[in-house]
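>>> My questions concern the predicted model and sequence given below.
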Amino acid sequence: MKLDTISRRIAIRNEIDVEKVDTNRNPRLFLSSFIQIDSAIVNGRKLYLSRVGDTLCLHIGILKKSKLTFWYSIPIDSFIYDKAIVLTRGMKWCPYLHDNISVLNSEVTVPAGYKVYSSGTLASKSADSDNITYKYSNRINSGLPFIIAPIDYYSETTKYQNGFSIDYCFLNKDTSLQNSIIKESLSALNFCSSYIGNYKQKQLTYIEVPNFGSAQSLETFIMMSSDFIKYFGLSQSMRFWVAHETIHQWIGVGYFNSIYTTPRYGTFIEESLTEYMRYVYIEKTFGQDSIASQIKYVVNIYNTEIKGTDQDVLCSDNSPGRVIYCNAPLIFHVLRINIGDVKWQSFIRKLYSDNYGRGIGYDDFKHTLEHYANYTVIEQMEKYINSKGIPDKIVNK
Ligand SMILES: [Zn+2]
């Protein structure tokens, strides 16, 4: 990728090595419909393409081991917010396959005076008189973020803890708010490192992203919207996201959950488990009373705001709605009560250590759980996943 500030475009050359035969007769990749491809080749020959919405259909029959190359450019004015050029995963600006864990090496050249932030590992940074080139390496399952900003755009702080460095890049000028987010993240990182297992990367970045909807955890990279940062300082109930996104560095990014292609209970084992691990974090960090009041809080939210409305869906529906974050985590609370704290922690540690770097589905999750929970306990959990409401074991407490 090369940023050209005169033509106000980023020129992109994208190379994809297909390692395994894709037996799908019409191989497809995701790429945003508003990106115009200038040229595409497969193994040196012209590649014929068609587009259906955000899907790129490759007209080459069964895809064997091959090399695909795409050339295109994107206008930066479509992606510039304030002074930062923001390419998020959700923009589908580079071709990818959902749930496909692949090595992605990227090279980004920007004029001197700009800085590049991305997920993964910064492999090198080199400069000539006019430009700086950043090389990153990622393992990804869906898309990639890049933020390109003037060098003095962010106020940056680095901390060291649990054997790795943590960079914080803020736009918000409120240093006491910055410090309380840093403190909460360090506390959650400490919990995850000791409770779930060592963080296997050397570095992690928390970065504020203007005009971004929420917060999102990607490999070594946690994007925080300016609004979420503001809310963190305004309300206790809006503080959840720092620990939640931090825990995702272990669950959902440390090991990936197959949430697109084999979605059975996928949102439950990624999102509801991460949110429940936040309750465990609260308990281990702030004491028993804090998890009890958290549970009371979500039971009340369910009963007063969700129950009987169109948001009151089964968590087996896999819709990332309120149920997945509100009452579904309580299913894990019942599971933890049933198997006991020691087995629960061993289960969470084993999920992480056995699956790090891989994509897992519900079958892998259940297979690991079978080491710690008997048939009746797992059957009860699945019954809760397929019924609405607060698990009766919690209602009756
Ligand atoms: Zn989440």
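Looks like it arrived, so ask away. Numbers count the residues shown, from 1 in each chain.
>>> What is the neighbour count of the closest residue to Asn162 other than its chain neighbours?
Computed as Cβ to Cβ, 6 or more residues apart in numbering, the closest residue to Asn162 that is not its neighbour in sequence is Ser193, at 4.1 Å. Every residue, glycine included, has its C-beta placed from N, CA and C. The tally of other residues near Ser193 (other Cβ atoms under 10 Å) stands at 16.
>>> show me what contacts Ser193?
Going by Cβ atoms under 8 Å, 6 or more residues apart in numbering, Ser193 touches Asn162, Gly163, Tyr199.
>>> Going along the chain, name the strands of the stretch 201-350 of the chain.
Counting by DSSP state E, counting those that start in this stretch, one finds strands in the stretch 201-350 of the chain at the ranges 203-209, 215-218, 221-225, 256-257.
>>> per-residue pLDDT, the closest residue to Ser272 other than its chain neighbours?
Among residues not flanking Ser272 along the chain, Ala328 sits closest, at 3.8 Å (Cβ to Cβ, 6+ apart). At Ala328, the model reports a pLDDT of 96.
>>> What number of neighbouring residues does Ala328 come out with?
Neighbour number of Ala328 under other Cβ under 10 Å is 26.
>>> now the strands of the stretch 201-350 of the chain in TSV, with mean neighbour count, mean pLDDT and distance to Tyr375?
TSV is the format used below for the strands of the stretch 201-350 of the chain (neighbours: other Cβ atoms under 10 Å; pLDDT from 0 to 100; distance: least, Cβ to Cβ, whole Å):
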stretch	mean neighbour count	mean pLDDT	distance to Tyr375
strand 203-209	22	97	39
strand 215-218	23	94	34
strand 221-225	24	97	38
strand 256-257	26	88	24
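>>> To Thr304, which of those lies closest?
The closest of the strands of the stretch 201-350 of the chain to Thr304 is strand 215-218. By Cβ to Cβ, the value is 25.3 Å.
>>> do you know which of the strands of the stretch 201-350 of the chain lies nearest Trp241?
strand 215-218 (4.5 Å).
>>> With just CA atoms, put the closest one into CSV.
Extracted in CSV, the C-alpha atoms of strand 215-218 (Å, rounded to 0.1, in the frame of the first residue of the first chain):
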residue,chain,number,x,y,z
ALA,A,215,-14.8,-0.9,20.6
GLN,A,216,-13.2,-3.8,18.9
SER,A,217,-10.4,-6.2,19.7
LEU,A,218,-8.2,-7.4,16.9
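>>> That strand pairs with which strands?
Sheet pairing for strand 215-218, assigned by DSSP bridges, gives strand 221-225 (antiparallel).
>>> Secondary structure element holding the residue nearest to Asn162?
helix 175-195 (DSSP states H and E).
>>> Give me the buried positions along that helix.
177-178, 181-182, 184-193, 195 (16 or more other Cβ atoms under 10 Å).
>>> Next, the angle from it to strand 221-225.
140 degrees (axes from the mean of the first three to the mean of the last three Cα atoms, to 10 degrees).
>>> Now do the helices in the protein.
With DSSP state H as the criterion, the chain has helices at 175-195, 226-234, 240-248, 266-267, 273-286, 288-301, 322-325, 328-339, 341-355, 362-369, 375-385, 392-395.
>>> Of those, give the one that comes closest to Leu63.
helix 266-267 (25.2 Å).
>>> Give me the mean pLDDT for the helix holding Ser193.
98.
>>> Stretch 71-89 now?
91.
>>> Return the set of buried residues in that stretch.
Buried residues in stretch 71-89 (16+ other Cβ under 10 Å): Tyr72, Ser73, Ile74, Ile76, Phe79, Ile80, Ala84, Ile85, Val86, Leu87, Thr88, Arg89.
>>> Ile166 contacts Ile207, doesn't it?
No - look at Ile166 against Ile207 with Cβ atoms under 8 Å: they stay out of range, at 11.3 Å.
>>> Cheers, nothing more for now.
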